[in-house]
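> Got a sequence here, can you model it:
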Amino acid sequence: ETVSPNVASAFGGEIELSDLEWTISKCPPDAYVPTRDPTVCLNVTATANNPLRRKVEAANVFGFVTDAERNSALTVNPTGGTRTVIAPILEPVPTGKSKVKFTLTVFEKSVNKGELTFKGFKAVQSSAEIEARFKPFDPCELSPEDCEEF
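Coordinates of the predicted model:
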């Protein structure tokens, strides 16, 4: 009998995210917003259950957020039809259960329609260097003409 390893484990495995709580805030000026439509940010806190034998240095968050009319609320997945990274976790996630934080950018009109529904939330191990690409832009990246030359 041949035993195959769990493919997901070879790439770091899945980290379950549960007990999601969020607050709504205005997005900071340096936030990545892939739309011209009005947006707000959801500052999310969740319980992470990391089954790996080691902490992970960063992770990609996957999941779906729908509004009261069952339309996607996420600006990075406006049709809700793809399974894509929706946010990074830039802090280490220890083995076992811990609290993690991440920020989601959503359409303001979706929030104004009423209750949001969160489905299928999980995280997958990633490299902190790769996740740095999601860090907010610094002032020079947003407005290079206003920066001093080096």
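> which stretches of this structure form helices?
Here the chain has its helices, by DSSP state H, at 7-10, 108-112, 128-131, 139-142.
> Would you single out the least confident of those?
Lowest mean pLDDT of the helices of the chain: helix 7-10, a mean of 42.
> in this protein, which segments are predicted with low confidence?
Residue ranges of the chain with pLDDT under 70: 1-12, 128-139, 141-143, 149-150.
> Spatially central residue in it, please.
Centroid-nearest residue in the chain, with Cα atoms, centre = their mean: residue 87, separated by 1.8 Å.
> from memory it sits against residue 101, does it?
No - using Cβ atoms under 8 Å, residue 87 makes no contact with residue 101, being 9.7 Å away. Backbone N, C-alpha and C define where each C-beta goes, glycine included.
> what residues do the two have in common as contacts?
Listed as contacting both residue 87 and residue 101 by Cβ atoms under 8 Å, 6 or more residues apart in numbering are residue 44.
> For residue 72, give the beta-bridge partners.
residue 66 (DSSP bridges).
> Any idea how many residues pack against it?
19 (other Cβ atoms under 10 Å).
> just the one 3 residues further on next, same as before
The tally of other residues near residue 75 (other Cβ under 10 Å) stands at 22.
> Just to check, it is in contact with residue 38?
No - assessed by Cβ under 8 Å, residue 75 is found out of contact with residue 38, at 10.3 Å.
> Need the residues touching each of those two.
Looking at what touches both residue 75 and residue 38 (by Cβ under 8 Å, 6+ apart), the common residues are residue 107.
> which residues in this structure form strands?
Ranges of strands in the chain, per DSSP state E, are 14-25, 39-50, 58-66, 87-89, 96-107, 117-126.
> Much appreciated, bye for now.
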